[in-house]
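Peer 1: any chance you could fold what I've pasted below:
(4 chains)
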2 protein chains.
Amino acid sequence: MEQIARSPKQIGAAVRRRRRTLKLSQSDLGAKADLRQATVSALENGKPGTQLRTLIDALAVLGLEMAIRERSRADKEIEDIF
Amino acid sequence: MEQIARSPKQIGAAVRRRRRTLKLSQSDLGAKADLRQATVSALENGKPGTQLRTLIDALAVLGLEMAIRERSRADKEIEDIF
DNA sequence: ATATTTTATGCTACAAGGCGTATAAAATTG
DNA sequence: CAATTTTATACGCCTTGTAGCATAAAATAT
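Peer 2: As a prediction, the model looks like this:
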């Protein structure tokens, strides 16, 4: 499964989904990624101020990676809804 | 073209590459994304503290999107080098 | 080589992140 | 329902991001 993430909320959702698939609590993830449980919570809830470092560390622990690419044509024609 | 980005530096490189393809200066991008030229510079240079908001805003202006997915098998066997 | 454009860096000010710690609220389990 | 686990929030502290503004350094163009 691959999730397109164009907003902090979508990023957070992807992280949460994966964490749950792995049956980890926020504390578990935090321990492995060297982040507080509260920080994991903030990330998953889509706080826009979350730092790249935090995301990268969480992704690594979760066995996830990020890809950056052009938006697909169809996507370009529809404005993101915020 | 799709770039895997597992570190702030790789993220920054993807942003810079795309910006140059579009023949925009950091100031141009900054103006469109509502970011200072200095902030764009920091993002492209891989400052880990850069906020998700900053990345998201830049990607949107550049017509890029982020995808989050499992690391491919081959990738898992090789530790990232930092 | 010189002028112009672009990028990196510095200043101050303010806002916010993430830390430790702790607790309240919510969800899950028995 | 009660006990347990998980998640969201809060306080104080220190660090850091981003803002506006400005300039130095580097790269590109003439």
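Peer 1: residue ranges with poor pLDDT in chain A?
Peer 2: Along chain A, the model assigns pLDDT under 70 to residues A:73-82.
Peer 1: where along it do the helices fall?
Peer 2: With helices called from DSSP state H, chain A shows them at A:8-21, A:26-33, A:37-44, A:52-62, A:73-77.
Peer 1: which of the ones you listed is buried the deepest?
Peer 2: Ranked by mean neighbour count, the helices of chain A are led by helix A:52-62 with a mean of 22 (mean count of other C-beta atoms under 10 Å in any protein chain shown). To be clear about C-beta, it is placed using only N, CA and C from the backbone, and glycine gets the same treatment.
Peer 1: can you name the residues in contact with that helix?
Peer 2: Contacts with helix A:52-62, where a contact means C-beta atoms under 8 Å, 6 or more residues apart in numbering or on different chains, come from A:11, A:15, A:18-19, A:22, A:29, A:32-35, A:39-40, A:43, A:65-66, B:6-8, B:11, B:47-52, B:55, B:68, B:80.
Peer 1: restrict those to contacts with DNA strand D.
Peer 2: B:K47, B:P48, B:G49, B:T50, B:Q51 (C-beta under 7 Å from any atom of the strand).
Peer 1: tell me how many other residues crowd the first one.
Peer 2: What that stands for is B:K47. 17 (other C-beta atoms under 10 Å in any protein chain shown).
Peer 1: what's near enough to touch A:S27?
Peer 2: A:Q37, A:V40.
Peer 1: now do 10 Å
Peer 2: Residues in contact with A:S27 (C-beta atoms under 10 Å, 6 or more residues apart in numbering or on different chains) are A:L35, A:R36, A:Q37, A:A38, A:V40, A:S41.
Peer 1: just name the closest of these to chain B, please.
Peer 2: Comparing the contacts of A:S27 against chain B with C-beta to the nearest C-beta places A:L35 closest, at 13.0 Å.
Peer 1: count of residues packed around that closest one?
Peer 2: 21.
Peer 1: gap between it and B:R17?
Peer 2: According to C-beta to C-beta, to the nearest Å, A:L35 and B:R17 sit 29 Å apart.
Peer 1: do A:P48 as well
Peer 2: According to C-beta to C-beta, A:P48 stands 24 Å off from B:R17.
Peer 1: what's the end-to-end length of stretch A:47-55?
Peer 2: End-to-end distance for stretch A:47-55, by C-alpha to C-alpha, to the nearest Å: 11 Å.
Peer 1: from what I can see A:T50 touches A:A38, true?
Peer 2: No: applying C-beta atoms under 10 Å as the test, A:T50 and A:A38 come out as separate, 11.7 Å apart.
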